[in-house]
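> Sequence and computational prediction follow.
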Amino acid sequence: MNKRKSAISKDYYGYIFMAPFIIIFLAFIMIPIFNTFYLSLTDARIRPGTWGGDFVGIANFIELLGEPMFQLAVRNTWMLWLFNFVPQMILALVLAAMFTSTTFKLKGTGFFKAAYYLPNLLMPVTIAALFQSFLGLLGPVNQVMVGTLGIWDTARNFLQNATDVRITVIFLQTWMWFGQTAIVLVAGMTAISPSLYESAMIDGASQAKMFFKITIPLLKPILLFVLVTSLVGGLHMFDIPHLLAGSFGNPGNSVLTVNMLMNNRRGAPSLLLGNSAAISVLLFFMSSFVALVVFRLFRDPAEKRES
Amino acid sequence: MKTANVNYAQKTNSYVMKQRVTKGLCYALLIFLLLVCIVPVYMLLINSTRSTVQINAGPSLLPGTEFFTNWSTLTTLGVDVWLGIRNSAIVAFSSTFLTIYFSMLTAWAVVVYQFRFKRAMFAFIIAMTMIPGQLYLIGYFQYMNTLGLLGTFAPLIIPAIAAPGAVFFFKQYLDSSVSLELIEAARIDGASEFRIFNSIGLPLAAPGAFTMGIFSFVGSWNAFMGPLFLLGANTELHTLPILMSRMQGDVFRRDLGAIYFGMAFTLIPIIIVYLAFSKYIVTGISLGAVKE
C-alpha cells in the first residue's frame, strides 16, 4: 500500500516551505493587481490625506479610448517595438546561424556572445545619458560628421527631431536586446540533432536550404518564446524613451509610450490614479490578447498535423 | 584522366576560396558588432577622465587626467554618488538574497514533497511569470501609500520573496539534481526538514543560485520604473538610477565631465559582475530559454 518508506509523512512541510512565497505573493502582487483593476473603475486622485475616489464604472476606459493622446501612445509603442524587433530578430538569427555553423567553425564565439550581451547589463539611465551626449549639438557624432569628415555643413540637432529620436530609441532597444536574443537562439539551435544536417548534406542540400527547411521549423518553439517575451516587454517599454526624451517623449510626443502616459497621469499636475490604472488595464488586455493570438497562430498548424 | 583531376582540384579550390571569403565576411560582421557594443562603453570610461572642454573638443582614445576633478565637481554640485551606491547596494543585495533563498525553498517544496494543489499552484506560478511588474505598479503604488510604506525600501525589497521566474528556474534545476534517497537517509539520521533543505538543498542548487543571483542583482541594480514610483520625494533613499536621472536633467548641461564620471560610477559593479561571470550569464540565458 505505502509507496513511501517513511512511517510518518513529512509532506505537510510542502505547505510550510511554500507559505512565505504564497503570503508575500498574495499581499504584494495579487492585492496590487486587484487594486489596479479596482482603481481603473474609480475617479481616484492623489489628494492630501486620501488617495481614493468614487466608483465611476467604465468611464475612464471610454474616455481613454476616444482620446487622441492615448491612441498616439498605443501607435508609438507598437511602432517602436516592431521596428526594433524585426532587425533584432534578423540579426540574431544570422548571428546564431554563424555561431552554430559546423562548416565555418568560427573561433571565439563565447567571447562574442558575452560581448553582445554587455549593452543589456548597462543601466538604462546611463545608456540614455550617454547617447544624449553622443548625439548632442557638440557631441562626438556631430564632431566627426561636421568637423573631422566634413560630410555635413551644420551640426544636426538629433534630439529635437521626431524621426531622429524615434530611430535612436529603436536603435538603443535593438542594441540592448540583440545579444540576448542571439544567445537564446544559439541555445535552441544547438539542441537540434546534428544528424539531421548530416543526412541533408549527403542529399546535397545547400546551407541556405538547410537553414530554412531544418533550422527554422525546429526552432519554432524558441522563436515563439522570443516573440512573446519581446512583445510583452516591448509593449511595456518605458525606461529608454522616458530617459532619452523626457516624460512626454518629446519632441511632439514622438516617443510617448503607453507606460509613459500612465506615469504622466499619475504625476503632477494630473494626479489621476483612476485614469492611470485604466491605462495599465488596457495595456494588460492588449498585451495578453496579442500574446494569445500569437500562440494560436503559431500552434495551430502543428496541432492539426498531429491529429 | 589528368584533366579530370585538374577540374576537380579547381572545383575544390574555388569551393575553399568561397568558404574563406564567407568566413571572412562572418568575422567582419562579428567584429563590427563587437565595436558597436564596446566603443560606447569605452568612450564613457574615457570621458569620465576628461574635462568638459576636452570632451567638447572631440573624441579621444586615451584617458585624460581630470578623473578626480570630475569627482569633486560632482560632489560640489550636490550629487552624493556614495549615497546612491549605498542605497542601490542595500536594495540589490537584500532583494537578491531573498529571491534566491525563498525561490529555492518554494521550488524545494514542489520537488521534494507531495501535497494537494501542488500542481495547480505550480501552474499558477508559471502563468505569473508572463505578467510584467509594470502592469500593477499603479495599484501597488496606491496600496503602499495606504500602508504608509511609500518612500521606504520595503516595497522594493519585500516582493523579492515572491519571484515566480526564479521559482520556475530552481524547479527545473532541482528536478535534475535532487536525490530523494539522500533526503530519506538524512531523515533516518534524524535531521529536521529545515536542516535537510539548508544542508542538502542549498548546496545542491548553488551553481544555479549563482546564475540566478547575477540576473536578479543586475535587474535590481538597474531598475528604474519601480524606484521612481515607490521612493517618491524621499531623496535620502534614492537609488543610483533615480539619482542619475535627476542629475541628467540638472547637472547635465553644466558639466559633461562630471556626468560622465557619474555614469562610469554606475558601471563599476556591472563591469565587475560582467568580467567575472560572463560565462554564467550566457549559460543562464541559454538554460532559461531551452527549458521554458
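Looks like it came in fine. Numbering: from 1, shown residues only, chains lettered A, B, ... in the order given.

> show me what contacts A:Ala97?
A:Met189, A:Phe211, A:Thr215 (Cβ atoms under 8 Å, 6 or more residues apart in numbering or on different chains). C-betas here are computed from N, CA, C, even on glycine.

> Return the distance of B:Phe115 relative to B:Lys18.
Per Cβ to Cβ, to the nearest Å, B:Phe115 is found 62 Å from B:Lys18.

> more crowded one of the two?
A count of neighbours by other Cβ atoms under 10 Å in any protein chain shown puts B:Phe115 above the other of B:Phe115 and B:Lys18, at 15 against 10.

> Grab the nearest non-local neighbour of residue 210.
Just going to use chain A. Spatial nearest neighbour of A:Met210, excluding adjacent residues (Cβ to Cβ, 6 or more residues apart in numbering or on different chains): A:Ala200 at 5.1 Å.

> wrong one, I was asking about chain B
Nearest non-adjacent residue to B:Phe210, counting by Cβ to Cβ, 6+ apart: B:Tyr280, 6.1 Å away.

> so what's residue 292 scoring on pLDDT?
The chain I'm using is chain A. A:Leu292 is assigned a predicted lDDT (pLDDT) of 90.

> actually chain B
For B:Glu292, pLDDT reads 37.

> Next: B:Leu30.
At B:Leu30, the pLDDT value in this model is 95.

> List the residues that contact it.
B:Leu30 makes contact with A:Leu95, A:Met98, A:Leu106, A:Phe112, according to Cβ under 8 Å, 6+ apart.

> Can I get the helix or strand that contains A:Thr229 in CSV, CA atoms only?
Element membership of A:Thr229 [criterion: DSSP states H and E] is helix A:220-235. Extracted in CSV, the C-alpha atoms of helix A:220-235 (Å, rounded to 0.1, in the frame of the first residue of the first chain):
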residue,chain,number,x,y,z
LYS,A,220,9.7,27.4,-33.8
PRO,A,221,9.0,26.9,-30.1
ILE,A,222,12.1,29.1,-29.3
LEU,A,223,11.1,31.7,-31.8
LEU,A,224,7.6,31.8,-30.3
PHE,A,225,9.1,32.3,-26.8
VAL,A,226,11.4,35.1,-28.1
LEU,A,227,8.5,36.7,-29.9
VAL,A,228,6.1,36.6,-27.0
THR,A,229,8.6,37.8,-24.3
SER,A,230,9.8,40.6,-26.6
LEU,A,231,6.2,41.6,-27.4
VAL,A,232,5.1,41.7,-23.8
GLY,A,233,8.3,43.5,-22.7
GLY,A,234,8.1,45.9,-25.7
LEU,A,235,4.5,46.9,-25.1
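
> What distance do you get for the closest residue to A:Phe112 other than its chain neighbours to A:Leu118?
Nearest residue to A:Phe112 in three dimensions, chain neighbours excluded: B:Leu30, at 5.3 Å (Cβ to Cβ, 6+ apart). Distance of B:Leu30 to A:Leu118, computed by Cβ to Cβ: 14 Å.

> Same question for A:Met98.
Using Cβ to Cβ, we find A:Met98 at a distance of 19 Å from A:Leu118.

> ok, now A:Leu135?
According to Cβ to Cβ, A:Leu135 stands 20 Å off from A:Leu118.

> Over to B:Ile214?
The separation that B:Ile214 has from A:Leu118, given Cβ to Cβ, amounts to 13 Å.

> Restricted to helices, list the contacts of A:Ala97.
A:Met189 (DSSP state H).

> which one of the contacts of A:Ala97 sits closest to chain B?
A:Met189 (10.5 Å; Cβ to the nearest Cβ).

> and the one helix or strand A:Tyr116 maps to, what does it pack onto?
A:Tyr116 belongs to helix A:109-121 when assigned by DSSP H and E. Under the contact criterion of 3 or more Cβ pairs under 8 Å, 6 or more residues apart in numbering or on different chains; DSSP states H and E, helix A:109-121 touches helix A:68-100, helix A:162-190, helix B:2-47, helix B:256-291.

> switch to 10 Å and redo it
The helices and strands touching helix A:109-121, judged by 3 or more Cβ pairs under 10 Å, 6 or more residues apart in numbering or on different chains; DSSP states H and E, are helix A:68-100, helix A:162-190, helix B:2-47, helix B:206-222, helix B:256-291.

> quick one: low-confidence parts of the stretch 101-250 of chain B?
Residue ranges of the stretch 101-250 of chain B with pLDDT under 70: B:249-250.

> residues in contact with the closest residue to A:Asn161 other than its chain neighbours?
Counting by Cβ to Cβ, 6+ apart, A:Asn161 lies nearest to A:Pro251, which is 7.1 Å off, once chain neighbours are set aside. The contact partners of A:Pro251, by Cβ atoms under 10 Å, 6 or more residues apart in numbering or on different chains, come to A:Asn157, A:Leu159, A:Gln160, A:Asn161, A:Ala162, A:Thr163, A:Asp164, A:Val165, A:Ala245.

> Helix A:162-190 and the helix holding A:Thr229, what's the angle between them?
Counting by axes from the mean of the first three to the mean of the last three Cα atoms, to 10 degrees, helix A:220-235 lies at 150 degrees to helix A:162-190.

> Pull out the buried positions in helix A:220-235.
Residues of helix A:220-235 classed as buried: A:Ile222, A:Leu223, A:Phe225, A:Val226, A:Leu227, A:Val228, A:Thr229, A:Ser230, A:Leu231, A:Val232, A:Gly234, A:Leu235 (neighbour count, 16 or more other Cβ atoms under 10 Å in any protein chain shown).

> Ramachandran coordinates for B:Ile100?
phi -70, psi -50 (degrees, to the nearest 10).

> Surely it and B:Phe170 touch.
Yes. With contact defined as Cβ atoms under 10 Å, B:Ile100 reaches B:Phe170; the gap is 8.5 Å.

> got any ranges where chain A has weak pLDDT?
For chain A, applying pLDDT under 70 flags the ranges A:1-8, A:300-307.

> if we go to 80?
Confidence mapping of chain A against pLDDT under 80 gives the ranges A:1-9, A:49, A:102-104, A:207, A:298-307.

> The residue of the stretch 151-300 of chain A found nearest chain B and B:Leu287: what is the separation?
Closest approach between the stretch 151-300 of chain A and chain B, counting by Cβ to the nearest Cβ: A:Ala187, at 3.6 Å. Separation of A:Ala187 from B:Leu287 (Cβ to Cβ) stands at 8 Å.
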